[in-house]
Structures are given as structure tokens and as C-alpha cells.
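1. Next comes the sequence, and after it the predicted model I'd like to discuss.
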Amino acid sequence: MKRMREMEKGSEIKSAIEELSMVVVKVNPGGGDHADAAHIPTKPFLFVCNLVLQVLDKIGPTMAVLRQDIDQNIQRLQKIHESDPSLYSNLVEILKKEASEGNARKGTSCSRAIVWLTRTMDFTVAMLQLLVKDVGQSIEQVVEESYTITLKPWQGWISSAAYRVALKLVPDNKTLIDILMAKDEDCDRLKEEMQALISLLVPLLEQTHSILRSFGLDSIKST
């Protein structure tokens, strides 16, 4: 109930910080089978992805294309997690399962869902980093730069065209800042929280990319 009340006040960033602060990401730093010693927690990963959806919902229907892709990928992972919550509490186990079955690179695989949700969070982090530097800068410019370095390299012309149309329809600076800011919060406090979230997300994403590379999935592209 406490978390729901916080999120009703618009504090997705605070909720993400709270969730990720409890996450322990385990990866084997040495040689050998990288994946065997790795643990990327499924529920916190999906929790943060769902927070991105909530922000998109607040922005409105202009983000429908981006929202649909994220939502479909989340649902795919939630379904397999619910089939065996103990085993699939670790995203790596999902990757192992599909790799052993030869399904990891298929269009509707959970492995591809992990790849694209990870890239979505890369995009989110890139935006937050730019806003921390200058919270008053053009949101259109922030989105364009973040998209170019995180999502664009992996998208074919069809996906790229759809995303670029959607991302051109982002709200103005004040609207987005109001969406991100919790009740009774100022810009300085928001910047502190964005930086705190960045510091928690970056290690998780780095480890996830490392695991995806070990399965040969980090270079997957869309149509």
C-alpha cells in the first residue's frame, strides 16, 4: 500500500530507487562459464520496466508504439516467470532454457524480450544522464540524442521509422519534468534522485549486457 501511494504521487523514480537498492547482481568475474555464476533478478528488472510504462502512460497516447513494444516484452517475461517463480527468479535461467532449446533468437522469444527491455532501460538511463546535466534543456533534443546512441543502432528501417515518429511527439520540458517529479519536490531534489537511479541502473545494465553477450544475443537487430 505504501508503494502504491507513492506511485500515485508520481514518484516512479523513488519507487525504482527503492526496488533497485535491494538488488544484488551476481556475476562470475573470472573465467569459465560466465552464465553459471550469474544472477540477474527478474522481478526488480520487470518492476523498473513497468515504471517506464507508467511514465509513458502519463505522457499519453503519443507514446503508444513505444509502450506497446515494452508491454509485450514485459508480459512475455512475466508469463514464463509465473510458470516457475523459483527457477525463473533469475533472468539467466530463461536465457539458458531458450539457448538449450535453440529458440533464443526467434522473434517471440523471451531472450529477445530481455534484449529489448535492456535497451529500453539504456535509453532511459541516457535520457536521465542528459537531464541531470541540464534539467532545462529541450526534451526533443534529449530524446533524439538518447535514441541515437541506444536504440537506433539495433533497429531496421521499419522499426526506426515508427519509433522516430513516436519520439518526435514527446511533451515539452515542463510537462515531462512535472511527470517525473514527486509531489512537493523541486528540480534540485529531482536531479539528485535521477543521479541515484542512474548509479543503481548502470551496474545492472552492464551485467545484463555482459550476460547477453555470453549467449551471443547482444547484437540482435529488429526489422
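-> That came in fine, so what should we check first?

2. quick one, what contacts the nearest residue to Ala64 once chain neighbours are set aside?
-> Counting by CB to CB, 6 or more residues apart in numbering, Ala166 is the residue found nearest to Ala64 once chain neighbours are left out, at 7.3 Å. From N, CA and C alone the C-beta is placed, and that goes for glycine too. By CB atoms under 8 Å, 6 or more residues apart in numbering, the residues touching Ala166 are 62-66.

3. Would you mark the buried spots in the helix or strand hosting Ala166?
-> Following DSSP states H and E, one finds Ala166 within helix 157-167. Residues of helix 157-167 classed as buried: 159-160, 163, 166-167 (neighbour count, 16 or more other CB atoms under 10 Å).

4. Can you name the next helix or strand after the lowest-mean-pLDDT helix or strand in the chain?
-> Taking mean pLDDT, DSSP states H and E as the measure, the chain has helix 2-8 as its least confident helix or strand, at a mean of 42. Sequence-wise, the next helix or strand downstream of helix 2-8 (DSSP H and E) is helix 12-20.

5. what sits up against that next one?
-> 3, 6-7, 44, 47-48, 51, 54-55, 180, 182, 190, 193-194, 196-197, 200-201, 204.

6. now the strands for the protein?
-> Using DSSP state E, no strands are found in the chain.

7. For it, give me the ranges with low pLDDT.
-> Within the chain, the ranges that satisfy pLDDT under 70 run 1-10, 24-37, 223.

8. Select the longest helix from it.
-> helix 187-214 (DSSP state H).

9. How about that one, which residues are buried there?
-> Neighbour count says helix 187-214 has 190-191, 193-194, 196-198, 200-201, 204-205, 207-209, 211-212, 214 buried, by 16+ other CB under 10 Å.

10. what does stretch 213-223 give?
-> 214-215, 217-218, 220, 222.

11. How about stretch 67-76?
-> Those buried within stretch 67-76 under the rule 16+ other CB under 10 Å are 67, 69-70, 73-74, 76.

12. Give me the nearest residue to the residue nearest to the spatial centre of the chain, chain neighbours excluded.
-> The chain has Met121 as the residue nearest its centroid, 2.6 Å off, counting by CA atoms, centre = their mean. Spatial nearest neighbour of Met121, excluding adjacent residues (CB to CB, 6+ apart): Leu205 at 5.8 Å.

13. any idea how far Leu117 is from the one you found?
-> 10 Å (CB to CB, to the nearest Å).

14. ok, now Lys14?
-> Lys14 is 21 Å from Leu117, by CB to CB.

15. got it, and Leu151?
-> Separation of Leu151 from Leu117 (CB to CB): 12 Å.
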